[in-house]
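Novice: predicted model and sequence follow; I will ask about them next.
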Number of protein chains: 2
Amino acid sequence: MRIAIAGYGNLGRGVEAAVTNAPDMELVGIFTRRDPSTVSVATDTPVLAWNDMASYADKIDVVVICGGSATDLPTQTPELAKLFCVVDSFDTHANIPDHFANVDAAARAAGNLGVISCGWDPGLFSLARLYASAALPQGADYTFWGRGVSQGHSDAIRRIPGVADARQYTVPVPEAVKAARSGDNPELTTRQKHTRECFVVAEEGADLAAIEKAIVTMPNYFADYDTTVTFISQEELDANHKGLPHGGTVIRSGRTGLDSEFCNTVEFSLNLDSNPYFTGSVLTSVARAAFRMHEEGKVGAYTMFDIPPALLSPLSAEELRAHLM
Amino acid sequence: MRIAIAGYGNLGRGVEAAVTNAPDMELVGIFTRRDPSTVSVATDTPVLAWNDMASYADKIDVVVICGGSATDLPTQTPELAKLFCVVDSFDTHANIPDHFANVDAAARAAGNLGVISCGWDPGLFSLARLYASAALPQGADYTFWGRGVSQGHSDAIRRIPGVADARQYTVPVPEAVKAARSGDNPELTTRQKHTRECFVVAEEGADLAAIEKAIVTMPNYFADYDTTVTFISQEELDANHKGLPHGGTVIRSGRTGLDSEFCNTVEFSLNLDSNPYFTGSVLTSVARAAFRMHEEGKVGAYTMFDIPPALLSPLSAEELRAHLM
């Protein structure tokens, strides 16, 4: 199957690696909104101009869109779904229903198929919540993120006057994880579940106290958390905080038995050296499923909830039953 | 949807509880090969004679078959698939391809649908292996079972002369679990991965040394493991070992990046107070999916690998996208 990438940031690089390593895929091109001659990519894949995309409609089976959820994907995914089958990683949970409707209308009108909100959260974590709640309808689930770098929160710190660079780690509170596993289905507040650790490089002469206050009181991002701010040098940030590790855990505990007499816990966790490369690898497996579902005649919008899992794998149904079942 | 249970042992009781608690299901009957008048069930569900099943073909949407994998399911599932849509928990991994073919032929000829090998292993653990290997094609996976009661191994001990009762626990070796998580993809032998703990009630005057030797040298069941045998009284067994807890962990570690430079670990684990009640709850969610897939016109044999996960849930696609994605 012929795959293209639209947008070449960290996630695009992750998809580039995964598609290149996939035995059943060819990476046809990487589309960029920048001048293609200025973009150097990790493989010998052609770098192509975003505005030329329409002329590739017959040369590409699936486009993996690697834009950001805030401003790129809400317009890019419906637009590109008019031309191609598409996969994206739209992760603004509250807006998923609207995004789904927009992509569904565009893809359906063009006879294409789009799978939105793929990756690990939303994505594999959503699947863990779904399978666990189907098996344990009576119960509660808990999602913990980290320890890992939140790029959105790091960006938010970098926008504060006087900040030269920053990295923010989201860290689950061990006592909260333990409580979630206990089967007691505790109510846990935002503050009880995660702490936030910020490593900040200040500009020379900046007011450190003002920066710290701006961080810990920032609404939505930090005000509801116990946040620590540590000022470090650019050298230390570059040496110790350049990676993008992440991960987390979904825990559902629930009861079975006629009188709810049995307690059960289902847990799914990820520990990732590189968030964008893992996410890119998941998107690549979804591109495979999108291609297969479209071959079966399906059109419109889907999520990973709608994908028969066998379609994600390069192995045949027979191989899967014989070796992974 | 109208559900029936075929076979009323521990698993049948688990399905009975889960279907009774499901908002969208009606439990029409429990079929038994015994004299129905001698079988008392936990709910007010009618107990019906196995041989009358054919007359219920129009009154039941899905039959959940709760027989054993050794001798029941290989014949029961294909037979019943001629009359009904069916779900089973066939768990003899090596024979899954043959069983699939037999159920497929029978179900397809009758226009029915059968989902085989549902539960947690095979079942949710198989799905964990599949999703993890699709996301991390370059890697290795490890399945650990326990700490939990293996009913097959307990039965094998009970068949030894001089044994009155027994319970066998399968226990993962902590060092092996740690090695699997490390990302080094170690080769682990059967002996390195699990130990087996046997609690045995001997008949009066039995030769304890002979029993112990018969256990620890038993081929397939114990010879390849480090096995401990503890003789206890029937009272102690009844007091401390009557439950059927189980669980386990699937771990896949694998690499991403163009040069495999990033290490990642995916882990899925279960901790179950009651193995049959949890398995019964999973089978119940699969019965829901089987009904829906058959409504869509699908016939033949399937596994959980082929089921779009959304179909397992009583929630609508819109609710799932809004709340679980």
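Specialist: Yep, it's here. Numbering: from 1, shown residues only, chains lettered A, B, ... in the order given.

Novice: can you confirm residue A:96 is in a strand?
Specialist: No: using DSSP: H, G, I helix; E, B strand; the rest coil, the secondary structure at residue A:96 is helix, not a strand.

Novice: and residue A:25, what does it touch?
Specialist: By Cβ atoms under 8 Å, 6 or more residues apart in numbering or on different chains, the contact list for residue A:25 reads A:1, A:2, A:3, A:19, A:284, A:287, A:288. For the C-beta atoms, the positions are set from N, CA and C on the backbone; glycine is no exception.

Novice: quick one: end-to-end distance for stretch A:240-251.
Specialist: Terminal residues of stretch A:240-251 are spaced 30 Å apart (Cα to Cα, to the nearest Å).

Novice: check stretch A:129-140 too.
Specialist: Distance between the boundary residues of stretch A:129-140 (Cα to Cα) amounts to 10 Å.

Novice: same question for that stretch: list its buried residues.
Specialist: A:129, A:130, A:131, A:132, A:133, A:134, A:135, A:136, A:137, A:139, A:140 (16 or more other Cβ atoms under 10 Å in any protein chain shown).

Novice: for the third one, give me its contacts.
Specialist: Counting by Cβ under 8 Å, 6+ apart, residue A:131 makes contact with A:266, B:124, B:127, B:309, B:312.

Novice: pLDDT averaged over the one helix or strand it maps to - what is it?
Specialist: Applying DSSP states H and E as the criterion places residue A:131 in helix A:124-135. Helix A:124-135 carries an average pLDDT of 98.

Novice: for residue B:124, see how far away the closest residue to chain B within the stretch 51-200 of chain A is.
Specialist: Across the stretch 51-200 of chain A, no residue is closer to chain B than residue A:134, which sits at 3.9 Å (Cβ to the nearest Cβ). For residue A:134, the distance to residue B:124 (Cβ to Cβ, to the nearest Å) stands at 10 Å.

Novice: anything in contact with each of those two?
Specialist: Common contact partners of residue A:134 and residue B:124 (Cβ under 8 Å, 6+ apart): residue B:282.

Novice: show me where chain A has strands.
Specialist: Residue ranges of the strands in chain A, as given by DSSP state E, are A:2-6, A:26-32, A:47-49, A:62-65, A:85-87, A:113-115, A:139-145, A:148-149, A:163-172, A:194-202, A:226-231, A:246-256, A:262-272, A:300-302.

Novice: can I get those in a markdown table with distance to chain B?
Specialist: Listed next are the strands of chain A as a markdown table, based on distance: least, Cβ to the nearest Cβ, whole Å:
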| stretch | distance to chain B |
| --- | --- |
| strand A:2-6 | 14 |
| strand A:26-32 | 11 |
| strand A:47-49 | 16 |
| strand A:62-65 | 14 |
| strand A:85-87 | 13 |
| strand A:113-115 | 12 |
| strand A:139-145 | 9 |
| strand A:148-149 | 12 |
| strand A:163-172 | 15 |
| strand A:194-202 | 20 |
| strand A:226-231 | 26 |
| strand A:246-256 | 4 |
| strand A:262-272 | 4 |
| strand A:300-302 | 9 |
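
Novice: any chance of the ones you listed in JSON lines with mean pLDDT as columns?
Specialist: Conversion of these to JSON lines gives the following (pLDDT from 0 to 100):
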{"stretch": "strand A:2-6", "mean pLDDT": "98"}
{"stretch": "strand A:26-32", "mean pLDDT": "98"}
{"stretch": "strand A:47-49", "mean pLDDT": "98"}
{"stretch": "strand A:62-65", "mean pLDDT": "98"}
{"stretch": "strand A:85-87", "mean pLDDT": "98"}
{"stretch": "strand A:113-115", "mean pLDDT": "98"}
{"stretch": "strand A:139-145", "mean pLDDT": "97"}
{"stretch": "strand A:148-149", "mean pLDDT": "98"}
{"stretch": "strand A:163-172", "mean pLDDT": "98"}
{"stretch": "strand A:194-202", "mean pLDDT": "98"}
{"stretch": "strand A:226-231", "mean pLDDT": "98"}
{"stretch": "strand A:246-256", "mean pLDDT": "98"}
{"stretch": "strand A:262-272", "mean pLDDT": "98"}
{"stretch": "strand A:300-302", "mean pLDDT": "98"}
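
Novice: isn't the residue of the stretch 51-200 of chain A closest to chain B right next to residue B:308, touching?
Specialist: No: Residue A:134 lies out of contact with residue B:308 (Cβ atoms under 8 Å); the separation is 11.8 Å.

Novice: in helices, which of the contacts of residue A:25 fall?
Specialist: Taking DSSP state H, the ones among the contacts of residue A:25 that sit in helices are A:19, A:284, A:287, A:288.

Novice: how close does the residue most central in space within chain A sit to residue A:32?
Specialist: Central residue check for chain A by Cα atoms, centre = their mean: the C-alpha nearest the mean position is that of residue A:119, 4.2 Å away. Note on residue A:119: its distance to residue A:32, by Cβ to Cβ, is 21 Å.

Novice: which ones are touching the closest residue to residue A:158 other than its chain neighbours?
Specialist: Spatial nearest neighbour of residue A:158, chain neighbours left out: residue A:166 (5.2 Å); criterion: Cβ to Cβ, 6 or more residues apart in numbering or on different chains. By Cβ under 8 Å, 6+ apart, the contact list for residue A:166 reads A:154, A:157, A:158, A:198, A:199, A:200, A:201, A:237.

Novice: and the residues you listed, which are buried?
Specialist: Among the contacts of residue A:166, those buried by neighbour count (16+ other Cβ under 10 Å) are A:154, A:157, A:198, A:199, A:200, A:201, A:237.
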